[in-house]
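Trainee: here are the coordinates; sequence isn't available:
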């Protein structure tokens, strides 16, 4: 099987970020592989081990993303690709999807995997957009995946329930928590990763026009959520508490008019 895994470099969930002049300041933040992408990497490696073939991990970003790509190689991927977008102005999910699709359009593959969402933006758009641009089937939030006789048997999470599907390859799927348990890179894996190929290409080496990469969205405002306020305890008879609650919901919370 020939499998590609889309990976994003994100800041660690434990990091405390600040906002200055409407922008997130992440200069000193520690960066990691997006946790949902780790499920995709693990699934790809397990499928490769069973069916043979090759796993290629790819990302869009600057040269600093090489660290996370090497981590993915240490987890078991065979090779890595960095699409360098440093010369582009700030893009959005459509920009990223367009670059990935342009890279994949002339490649042969059975499966494209990625995380269901990225923990920094949480839009979940890149995977489905890549599939749409490539004209292939896409399934989101998968929690089980079995490949047999050129078909994929999939279980996907649907808001607390599950949906079972049987689909032909090739397809794109995004991984939900619970799909597997991602491995930690072992010392032998880290040593092997240093010798595995990591290819870098600039975005303008792809068959894509810069106009197709223009941002399709506009950020109006970036702000931190307000500090959590202490709750209020209502006392007295039940009828009195109900009246006070309705008053608070109307005058303070403003959720009732």
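Mentor: Now that the structure is in, tell me what you want to look at. The model shown is predicted, which means the values in this text are computed figures rather than measured ones. Numbering: from 1, shown residues only.

Trainee: give the buried residues for the longest strand anywhere in the chain.
Mentor: The single longest strand within the chain, with elements called by DSSP state E, is strand 137-148. By 16 or more other Cβ atoms under 10 Å, the buried positions in strand 137-148 come out as 138, 139, 140, 141, 142, 143, 144, 145, 147. C-betas here are computed from N, CA, C, even on glycine.

Trainee: so for it, mean pLDDT?
Mentor: Strand 137-148 carries an average pLDDT of 95.

Trainee: and if you look at stretch 115-131?
Mentor: 89.

Trainee: please renumber so the chain begins at 39
Mentor: All right, first residue 39 from here; so that's stretch 153-169.

Trainee: and that stretch, how far out from the chain middle?
Mentor: In terms of Cα atoms, centre = their mean, to the nearest Å, the centre of stretch 153-169 is found 5 Å from the chain centre.

Trainee: what's the end-to-end length of it?
Mentor: Distance between the two ends of stretch 153-169: 14 Å, counting by Cα to Cα, to the nearest Å.

Trainee: what are the buried residues along that stretch?
Mentor: Buried-residue list, stretch 153-169, by 16+ other Cβ under 10 Å: 153-157, 162-169.

Trainee: and of those, the nearest to residue 246?
Mentor: Compare each of these with residue 246 using Cβ to Cβ and the shortest gap goes to residue 168, at 13.0 Å.

Trainee: so that closest one sits in a strand?
Mentor: No: using DSSP: H, G, I helix; E, B strand; the rest coil, the assignment for residue 168 is helix, not a strand.

Trainee: just checking, it touches residue 140?
Mentor: No: contact criterion Cβ atoms under 8 Å: residue 168 and residue 140 do not qualify, at 10.0 Å.

Trainee: and the chain, what are its domains?
Mentor: Here the domain parsing of the chain from automatic domain parsing is 40-251, 264-295.

Trainee: of those, which shows the lowest average pLDDT?
Mentor: For the domains of the chain, mean pLDDT drops lowest on domain 264-295, to a mean of 84.

Trainee: quick check: end-to-end length of that one?
Mentor: Start-to-end span of domain 264-295 (Cα to Cα) is 23 Å.

Trainee: how far off centre is that domain?
Mentor: Distance of domain 264-295 from its chain centroid, counting by Cα atoms, centre = their mean, is 39 Å.
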